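# Take this sequence and fold it.
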Amino acid sequence: MSISSYSWQCPTCGRQVPRKIETCRCGFARPAEAPEPADASPEPVRNGPNPLLLGLFLGLAVAAAMLFYLKEDAPPQQAAVAAAADEAPFEGADLVEPPVSDAELSFPAEASFATVDSPAPIAASTSLSLEDVVARALPAVASIQAGSGRGTGFFVQRAIVITNQHVVGNETSVQLTVSGRRYQARVTSTSASTDLAVLQVYGPDPTQPTLRLGTAKGIRAGQEVVAIGSALGVLSNTVTRGIVSAIREAGSVTLVQTDAAINPGNSGGPLVDRNGVVIGVNSMKIGGAKGEGLAFAVAIDHASQLLNGQTNTAIATPLQGLNRIMTGSTASEDLREQGTAAYGTAVERAGRRADQIDELWGRASKNCVARAARAGDREWFAIYDANGLQIQLSNATNCEGWLAALRTNADIVRGEMTRAAEAARRQGVYPGVMRDIRRQNSMEWSGW
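As a prediction, this is how the structure comes out:
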């Protein structure tokens, strides 16, 4: 602010006279002046910054900083909201979802994250309870009736069932009962060396539950297992619990030894682990003082091979291989035992065909046979001797046609018996044992 605002200069003596004094000391009187404009009289000088201006400046600075933070550092959702507010008018604009709160984005303090090199292990809580394992497995387990025999099987596909070979025996079709429903099934493949059989079910339920096949590889002694079957062949859905006692190699067959009870009728049922996966097919129990409580299941790996068309070419059955382990028998003894069993099967089969020839013999022998030399258990065995059968022609019967049919069928039986005897001799089967087997089936003849 200038000095002239507070004084005026006397033109006579040059003094500065205060503006409120109208006459100078020299006697000069100041003439009247027009009033000065309002902005010519500035406010008095203050000794500090204007508080109002300072507050306004600080407020603008804070607002600018917040706007910069929202646009540059905020999460993508918040930035989208800010951009929408700055660039688009409210009317007609699309609504934007509110940003996720910090509480929703936060993680528990104890959370941990695995790296690519160190994947997180599966939590132990994923294992099923024993009740859950049984509940899931039972609908896939079936009771089997094969002729006079009974056992158990389990579905591995909607129309495919696995069981033991000794359950189906020589039957070509069996009856299944599962969840109260009955089905017919045919035996599609068997393996005596692994004691396994595969069944094809007719008209299966499209929603039929199945069991998943695992492997016996990696099974450890002490591992908990569950055996499911039809005890005594009539008590279906029987469940026993135990552990894996050991893994045994019986020749070319792997057996799972367990203390879970496997009773008659349980044969062919599944042995499952705590995840409900099948690791074996319940097959046998060794009784007696030395083997009390010992039960065995054929490793499920052999069933998988059979399903894939692979066959085990071994001669010994799992039971024979196990007996060899327990008794310490020699290889020659095992071979003789196998030969005895094979000879018995062959003679039994030939005996059934001989029963049919008995019927053929009875139809016309009275009219067409004058004499038959008895040389064995059946009258028509006389046809095997050169002069054992004397034929007489009859006008009422076609004896020539009847005799031709008799010889054809008799030759088939003779061929079966000859081949069976030769195989038995090669395997060291004793002649007396062979004779006893023939007599049991009414197949004894001096010429065998």
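# packing partners for the strand or helix carrying residue 423?
Applying DSSP states H and E as the criterion places residue 423 in helix 399-426. On a contact count with 3 or more Cβ pairs under 8 Å, 6 or more residues apart in numbering; DSSP states H and E, helix 399-426 meets helix 331-368. C-beta here means a position set from N, CA and C on the backbone, and glycine is covered the same way.
# Measure how the helix it packs on sits relative to helix 399-426, angle-wise.
With axes from the mean of the first three to the mean of the last three Cα atoms, to 10 degrees applied, the angle from helix 331-368 to helix 399-426 works out at 170 degrees.
# List the buried residues for the helix holding residue 423?
The neighbour-count criterion (16 or more other Cβ atoms under 10 Å) identifies 399, 402-403, 406, 409-410, 413-414, 416-417, 420-421, 424 as the buried residues of helix 399-426.
# ok, residue 160 - contacts?
Residue 160 makes contact with 198, 199, 200, 201, 307 under the criterion Cβ atoms under 8 Å, 6 or more residues apart in numbering.
# tell me the mean pLDDT for stretch 273-284?
Along stretch 273-284, the predicted local confidence has a mean pLDDT of 92.
# Please pull up the helix or strand immediately following the lowest-mean-pLDDT helix or strand in the chain.
Of all the helices and strands that make up the chain, the one with the lowest confidence by mean pLDDT, DSSP states H and E is helix 102-105; it has a mean of 36. Once the chain leaves helix 102-105, the next helix or strand it forms, by DSSP H and E, is helix 130-137.
# Summarise which helices and strands that next one is packed against.
Checked by 3+ Cβ pairs under 8 Å, 6+ apart, helix 130-137 has strand 224-231, strand 270-272 packed alongside it.
# and residue 379, what does it touch?
Neighbouring residues of residue 379 by Cβ under 8 Å, 6+ apart: 361, 365, 372.
# Swap in 7 Å and give it another go.
Contacts of residue 379 were listed using Cβ atoms under 7 Å, 6 or more residues apart in numbering, and they are 361, 372.
# roughly how far apart are it and residue 366?
Applying Cβ to Cβ, to the nearest Å, the value for residue 379 to residue 366 is 11 Å.
# swap in residue 180?
If you measure residue 180 against residue 366 using Cβ to Cβ, the figure is 54 Å.
# Comparing the two, which residue is more hemmed in?
The residue with more neighbours, out of residue 180 and residue 366 and counting by other Cβ atoms under 10 Å, is residue 366; that gives 10 against 6.
# thinking again about what came up before, please identify the most buried of the helices and strands packed on helix 130-137.
strand 270-272 (a mean of 28; mean count of other Cβ atoms under 10 Å).
# On the C-terminal side of that one, identify the next helix or strand.
The first helix or strand that comes after strand 270-272 along the chain, using DSSP H and E, is strand 278-286.
# which stretches of the stretch 301-448 of the chain aren't confidently modelled?
Along the stretch 301-448 of the chain, the parts satisfying pLDDT under 70 run over 311-334.
# what about 90?
For the stretch 301-448 of the chain, the stretches flagged by pLDDT under 90 are 309-339, 363-367, 369-376, 385-400, 426-428, 432, 446-448.
# quick revisit: which strands or helices does the next helix or strand after the helix holding residue 423 pack on?
Counting by DSSP H and E, the element after helix 399-426 in chain order, helix or strand, is helix 431-440. Counting contacts by 3 or more Cβ pairs under 7 Å, 6 or more residues apart in numbering; DSSP states H and E, helix 431-440 packs against helix 331-368.
# so where do the strands sit in the stretch 51-200 of the chain?
Under the criterion DSSP state E, counting those that start in this stretch, strands of the stretch 51-200 of the chain are mapped to 141-146, 149-157, 160-163, 173-178, 181-191, 196-201.
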